[in-house]
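Participant: model this:
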Amino acid sequence: MTGASVRGHVHKGKADFSDIYDCPDPRRYFERLQPLDYQIPRHGQAVFRTLIDALHRQRPAVTPTVLDLCCSYGINAALLNHTLTLSDLYTHYTDKALTRLTARQLADIDVEFFARSRRPDAVPVVGLDSAARAVRYATSVGLLQGGYGENLEAAPASERLRHAAARTVLVTVTGGIGYIYAKTFERLLECLSTPPWVAVFTLRTVPYQPIADLLATHGLVTERLRTRTFRQRRFTNARERDATLAVLAKAGLDARGREADGYYHTDLYLSRPRAEAAALPLGELLPDPVAR
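Facilitator: Down below sits the predicted model:
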């Protein structure tokens with residue numbers, strides 16, 4: 001989906017990357033985003049691993065199946081379940097030696113690439129994204145246990161997705177809030193058999209309260225990490241920066257030390273059942289989360 005398809009949640013000055021979201025393989029995605037220092041999956045990698053460890057402690061009898069919303073080419077799954085960094089993925093997918101390969105040939109290489117670095121404590125990851133070709137690629141190379149190219153803003157979940165998502169205990173999002181919104185979460189929660197944890201990085205320019213309100217109707221309490229924000233990527237140009245600063249100013253948010261320095265910044269929200277949130281508040285769960 002592009003910004004134009006969103007009901008006012010993505011500001012008009014935001015750059016459009018729709019041409020790289022649904023390619024046959026991830027090479028164009030990484031080539032375009034590397035110069036912009038796109039880094040939010042790196043932050044998600046550390047945060048989501050911490051959350052899975054906490055879920056193991058609070059729900060020891062449950063296998064922590066993850067559902068990654070806006071999963072794209074399976075980047076979050078790659079970082080969560082493999083001994084790889086985001087820099088490793090940039091190096092791999094921008095390697096000139098891979099330039100002439102077909103998507104099928106690259107997929108064959110990636111099957112071995114990811115198998116070599118699979119963590120022994122890997123968890124099942126189900127991916128959901130309206131970019132069906134990207135999802136198919138992630139599934140074909142073994143990053144996703146199941147991948148679904150569906151748009152829950154437009155239609156309810158398929159029976160296949162409902163079945164695959166039923167045992168989800170952690171929903172993750174590192175990009176896409178504004179392109180997906182409360183309707184997606186409403187339809188997704190209808191698929192789940194038990195209340196999940198929902199961990200979301202969202203740009204500070206996008207209001208999150210409507211999603212938090214929706215999650216509350218399903219018994220989930222939402223906390224925002226108040227100790228810091230997380231860089232997403234550099235602005236593409238001065239127009240995008242100025243448009244972002246204008247949105248933040250209108251919302252009464254201070255951009256000093258954040259967007260004013262040239263990067264989009266995200267907030268981290270975590271929603272959990274009330275008793276689990278009370279037992280371990282977010283500030284204690286993530287006292288100093290990940291590298292900046």
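Participant: how about low-confidence regions in the stretch 151-292 of the chain?
Facilitator: Scanning the stretch 151-292 of the chain for pLDDT under 70 picks out the ranges 288-292.
Participant: Can you list the residue ranges for helices in it?
Facilitator: Using DSSP state H, counting those that start in this stretch, the helices of the stretch 151-292 of the chain run over 159-165, 182-189, 209-216, 238-250, 274-279, 282-285.
Participant: in the fourth one, what's buried?
Facilitator: Using 16 or more other C-beta atoms under 10 Å as the test for burial, helix 238-250 gives E240, R241, A243, T244, L245, V247, L248. (Glycine included, C-beta is placed from N, CA and C.)
Participant: Let me know which of the helices of the stretch 151-292 of the chain is the nearest to L98.
Facilitator: L98 sits nearest to helix 238-250 of all these, at 29.8 Å, using C-beta to C-beta.
Participant: can you tell me how far the closest residue to S193 other than its chain neighbours sits from L192?
Facilitator: In space, and not counting its chain neighbours, S193 is closest to A166: 4.9 Å by C-beta to C-beta, 6 or more residues apart in numbering. Here A166 is placed at a distance of 6 Å from L192 (C-beta to C-beta, to the nearest Å).
Participant: between these two, which one's more packed in?
Facilitator: L192 (17 against 13; other C-beta atoms under 10 Å).
Participant: my guess is that one contacts A164, does it?
Facilitator: No - L192 is beyond contact range of A164, at 11.0 Å (criterion: C-beta atoms under 8 Å).
Participant: for this protein, longest strand please?
Facilitator: Secondary structure of the chain per DSSP state E: the longest strand is strand 263-273.
Participant: Give me the sheet partners of it and which way each runs.
Facilitator: strand 197-203 (antiparallel), strand 220-224 (antiparallel), strand 230-234 (antiparallel) (DSSP bridges).
Participant: The last one: how far from the chain's middle?
Facilitator: I take that to be strand 230-234. Its chain's C-alpha centre and that of strand 230-234 lie 13 Å apart, by C-alpha atoms, centre = their mean, to the nearest Å.
Participant: now it and helix 238-250, what's the angle there?
Facilitator: Angle, strand 230-234 to helix 238-250, by axes from the mean of the first three to the mean of the last three C-alpha atoms, to 10 degrees: 150 degrees.
Participant: One more: the longest one?
Facilitator: Angle of strand 197-203 versus helix 238-250, following the same axes, to 10 degrees, is 120 degrees.
Participant: Likewise for the second one?
Facilitator: With the same axes, to 10 degrees as the criterion, the two stretches strand 220-224 and helix 238-250 enclose an angle of 110 degrees.
Participant: Tell me where the stretch 1-150 of the chain has strands.
Facilitator: 65-69, 125-128, 146-148 (DSSP state E, counting those that start in this stretch).
Participant: Which one, of those strands, ends up nearest to S271?
Facilitator: strand 65-69 (12.9 Å).
Participant: Which strands border the closest one, and is each parallel or antiparallel?
Facilitator: Counting by DSSP bridges, strand 65-69 is paired with strand 125-128 (parallel), strand 168-173 (parallel).
Participant: residues touching D108, list them.
Facilitator: D108 sits next to no residue when contact means C-beta atoms under 8 Å, 6 or more residues apart in numbering.
Participant: now swap in L143 and tell me
Facilitator: Taking C-beta under 8 Å, 6+ apart, we find L143 in contact with Y73, G74, A77, A78, N81, F114, V125, G127.
Participant: Contact partners for the residue nearest to it when sequence neighbours are not counted?
Facilitator: Nearest non-adjacent residue to L143, counting by C-beta to C-beta, 6+ apart: G74, 3.4 Å away. Contact analysis of G74 by C-beta under 8 Å, 6+ apart lists D68, V125, G127, V135, Y137, A138, T139, V141, L143, L144, G147.
Participant: Please produce JSON lines containing the contacts of L143, extended by pLDDT and distance to H11.
Facilitator: Formatted as JSON lines, these follow (pLDDT from 0 to 100; distance: C-beta to C-beta, whole Å):
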{"residue": "Y73", "pLDDT": "98", "distance to H11": "25"}
{"residue": "G74", "pLDDT": "98", "distance to H11": "28"}
{"residue": "A77", "pLDDT": "98", "distance to H11": "29"}
{"residue": "A78", "pLDDT": "98", "distance to H11": "30"}
{"residue": "N81", "pLDDT": "98", "distance to H11": "34"}
{"residue": "F114", "pLDDT": "98", "distance to H11": "36"}
{"residue": "V125", "pLDDT": "98", "distance to H11": "31"}
{"residue": "G127", "pLDDT": "98", "distance to H11": "27"}
